[in-house]
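>>> Need the 3D shape of this:
(chains A and B)
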Amino acid sequence: MTQMLDRRSVLAGGAAALMAMGVSREVLAQAAAAGQLTLSFPADVPTWDPNARSLAAVQSLYKMVFDQPLDQATDMKAQAALVTAWRYLDAGGLSLELTFRDDVLFHDGSRMTAEDFRYSFFERPRAPVPDGGRRLDTAFLWRRIRDIEVTSPTRAVVQFSEPMPSAIAWLYFLCSYVVPKAYLERVGLDEFQRRPIGTGPYRLTEYQQGSRITLEAFDRYWGGRPAIPRITVDIVRDPTARVASVEARRAHVAVDVPIREAVRLGTVRGLAARIDLTADIMLLQITRNGGFERDQVRLAAHHAINKDAISRAFFQGHALPISVPAARGTPGYPENFSFPFSEERAVALLREVGHGPDRPVRIKFFTTNGVFPNDFDMARAIGQMWRRVGIEADIESIELSTYQERLRANTLPEATMFNWGNAAGDPEMYGGYLLDPRAIFSAFKAEEYRDRIAALLIEPDEAKRFEGYRALHRDAVEKGYSIPLLQSVRTVVHQASVNYVKYDNGWALPQAWSFRPA
Amino acid sequence: MALIAFQILLRRLLLAAPIVLCVSALVFVVLRLLPADAVAMSLPPGATAADYDRLKAELGLDRSIFAQYMIWLGRFAAGDLGASIHFRRPVAELVGTALPNTLELVAVGLVLGVAAGVAGGLAMFAWRGRAAEQVADLAATALMSIPEFLWALLLILGLGVALPLLPFVGRLAPEFALPPHITGFLLLDSLLAGRAATLGSALLHLVLPSLALAIALAPLIMRVLRSSLLEVILDDYVTQARLRGIPERTILLRHALRNAALPTVSLIGVQAGFMFGGTVLVEVIFGYPGLGNLMVDAVRNHDLPVIQVVALVYCLLVLGINAVVDVLYLLINPKLRAA
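Numbering: from 1, shown residues only, chains lettered A, B, ... in the order given. Sure, this is the predicted structure:
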């Protein structure tokens, strides 16, 4: 039933329009008073099926609507969520017992039980793929699950076909979310994607693909109702527009703004800016191809990069230089190891193989442009640094899809600028994938690491596993198999009226924020 | 005349079929020859070469390009546009949601651009020989030399930030919910649902993005219309009209403008096609949920089924505009009707 406009509604519309044209600062303040927060965010979920895709950039969005079995505290440590207790039942790490909360409700009011966990982590990933459909990413990530035995509504035992020591980390990583079995089976996947329900702190009330996500606090959330009742996420891909939205007071919080703008906006009255380290890392994906065939050249290339200077120039010194392919403070980072910047050593190494500034090694250097902050500018700076010691890099800007194609076909050039996300911080998700010659994400195929990494992937003793990865990371850098650069940063600009809570892994979670009293 | 217009549209439709077929084949082949990998783009961390091969087979990308195209064509003919690799949803649903938004944006952009262009053209003609004409000409050149996306940013910084008058993100203010889905066109649905406030908010959100598009169109129309008017004003029928004592204003608006409109309509037809291209960056900058935004997402993720269909939709839109321009020609020019 539709109705055309009458005079009263036209007048109301006019008033609303005038209000919208009014000073946006006041509009935002009114919204805050009414418990409405607007977040300007750079990415949208590809689908509202949280098990389908493992995209790091949108985890904060999924975590508003869905819960993972475990969670991470602000300092990245694992903490209880839907699962309150977890322990391996055997020394070999093949049986993992999980105890669930008994007070968790889905947004439709139905109770979450261990059966929903079994459905999300075993039944769904194993279900036959319909014609034209796609396998869930959980099918790849949890393929080592042989079965999940549900012993009671609050208890399940995960049986693995082989040890999966990173399983605890995977329970709070990427697409590992619990979805409602009964609802999904009743309405089907298409309807679930249109009207998703989870156990998360917010209910999805409206979704405009690529534009806007509207959420309302879930009153019966097991963790307590979030402090901010309503969230509107504006999907704003253009960084200038994100800056403008928070500067014009049309958004309370803007995420991933350019560093310089964050610094500038930090000085604006009523705004606060943060440049926080995350667990993601920037590195050069290198190969043994072409000019990088010899170890000396790759090591020289690493020694010639002044990471401190790059951090100061492009990240105001906030991005931390790293010596191994892992974030500082995570279990895979050997704190007592440092790979020095030394042009002299780089020149000496190149001289060993008959090269130098007068007779440079010529290499190809791929970089994306705008995929992560300052990628292209950093590549140019590194190219200049290399030139000083005798490495002539031909820099080429590429799309991420081209990188993936060349990586898979093993035809990447000598070096490629890359950003590697790992909110969990587990070392398996750093060197375990980046250096494993079997993994399609590894650029440097070091066959000598095949067995070493295979052993680490099933090592049940956590201390041994972490020590093994620290040694692996260090070894890879010392041999010139990896050129890590910097620990990534996340920039956030917000209205001073917002209590923003920082997560060390880079999450931006409105459920943790609140408005300051006026 | 309605019959002739129908015949023109029918002829255009028949001609469109082979064009669409050629474009679909071209886009399909080019996408698969590009050094980019849709399969690797959609695999999770830790995936192995075996996972890659299995997924490639699932997507049918392990077959020859010809075989893939024939399968796609068969499904397309049956109305199945396929499923998105990135979004994991039917392409028809994605395009169906985004297209009305883009059509609304382009329609408002066209109305603003044409209105400003015609008004400017008439003003320039009226000011002919005066300094004001030179100033207007200079302004038109300046407006044309800045691309749409830069206008988008300038408008945001000017009317969104410096003078915070207009909204510039998305389609609605946070306090307004979407109206019930009736046609998919937000303006129309707001109107049909009797939600004046929502309609007002949607219109306000359309101002800056459509202005960014319109600014690129208006100066072109201004110049072409001014030139056409300068030509037709020397024609005999204008002299005759003056001799009959018809006022200059009536001659201009009723006689000269109608004859000068032909090249302008032609230009608008061409520029409307370009305007769809211009929406790509404008939609990204304004966070506007249209076809351009969808295309950018699809290209970034090398989502072959979505790129393929969106490219075809753009092709169909351009063909549709050409058909409409042909009919408008017929309405404006009686000589064509006789022919």
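>>> what does the model give A:A326 for pLDDT?
Listed pLDDT for A:A326 reads 97.
>>> Show me which residues of the stretch 1-150 of chain B are close to chain A?
Proximity of the stretch 1-150 of chain B to chain A (Cβ under 8 Å from any Cβ of the partner chain) is limited to residues B:34-49, B:51-52, B:55, B:58, B:82-83, B:85-89, B:94, B:97-98. (Glycine included, C-beta is placed from N, CA and C.)
>>> and the helix or strand harbouring B:R54, what does it pack onto?
Taking DSSP states H and E as the criterion, B:R54 maps to helix B:49-58. The criterion is 3 or more Cβ pairs under 8 Å, 6 or more residues apart in numbering or on different chains; DSSP states H and E, and the helices and strands that helix B:49-58 contacts are helix B:38-41.
>>> What's the mean pLDDT across the helix it packs on?
Confidence over helix B:38-41, taken as the mean pLDDT, stands at 77.
>>> With stretch B:268-281 instead?
For stretch B:268-281, mean pLDDT is 89.
>>> Please apply the same query to stretch B:139-146.
Averaging pLDDT along stretch B:139-146 yields 89.
>>> mind exporting the next helix or strand after the helix holding B:R54 as PDB, just the C-alpha atoms?
On the C-terminal side of helix B:49-58, the nearest following helix or strand under DSSP H and E is helix B:65-77. Listed next in PDB are the C-alpha coordinates belonging to helix B:65-77 (Å, rounded to 0.1, in the frame of the first residue of the first chain):
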ATOM      1  CA  ILE B  65      38.100 -19.600 -23.200                       C
ATOM      2  CA  PHE B  66      35.700 -20.600 -26.000                       C
ATOM      3  CA  ALA B  67      34.100 -23.300 -23.900                       C
ATOM      4  CA  GLN B  68      33.800 -20.900 -20.900                       C
ATOM      5  CA  TYR B  69      32.200 -18.300 -23.200                       C
ATOM      6  CA  MET B  70      29.700 -20.700 -24.700                       C
ATOM      7  CA  ILE B  71      28.600 -21.800 -21.200                       C
ATOM      8  CA  TRP B  72      28.300 -18.200 -20.100                       C
ATOM      9  CA  LEU B  73      26.400 -17.300 -23.200                       C
ATOM     10  CA  GLY B  74      24.000 -20.200 -22.800                       C
ATOM     11  CA  ARG B  75      23.200 -19.200 -19.200                       C
ATOM     12  CA  PHE B  76      23.000 -15.500 -20.200                       C
ATOM     13  CA  ALA B  77      20.400 -16.400 -22.900                       C
END
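>>> So the longest strand anywhere in chain A, near chain B or not?
Counting residues, the longest strand found in chain A (DSSP state E) is strand A:271-286. No: on the criterion Cβ under 8 Å from any Cβ, strand A:271-286 is out of touch with chain B, staying 12.5 Å away.
>>> Who are the packing partners of that strand?
Contacting strand A:271-286 under the criterion 3+ Cβ pairs under 8 Å, 6+ apart are the following elements: helix A:259-265, helix A:295-303, helix A:375-389, strand A:415-420, strand A:483-495.
>>> between those, which gets nearest to B:V161?
Nearest to B:V161 among the helices and strands packed on strand A:271-286 is helix A:259-265 (11.2 Å), distances taken as Cβ to Cβ.
>>> Just the buried positions in that closest one, please.
Going by neighbour count (16 or more other Cβ atoms under 10 Å in any protein chain shown), the buried part of helix A:259-265 is A:I259, A:E261, A:A262, A:V263, A:R264, A:L265.
>>> Quick one: name the residues of the stretch 301-450 of chain A near chain B.
Close to chain B, as judged by Cβ under 8 Å from any Cβ, the stretch 301-450 of chain A has residues A:399-402, A:404-409, A:429, A:432-433, A:438-441.
>>> quick one: which of these sit in helices?
A:L400, A:S401, A:T402, A:Q404, A:E405, A:R406, A:L407, A:R408, A:G432, A:Y433 (DSSP state H).
>>> wait, what's in contact with the residue nearest to A:D238 when sequence neighbours are not counted?
Setting aside the residues directly before and after it, A:D238 is nearest to B:I285 in space (Cβ to Cβ, 6 or more residues apart in numbering or on different chains), at 4.4 Å. Contact criterion Cβ atoms under 8 Å, 6 or more residues apart in numbering or on different chains gives A:D238, A:T240, A:A241, B:F149, B:A152, B:L153, B:I156, B:P209, B:A212 as the residues in contact with B:I285.
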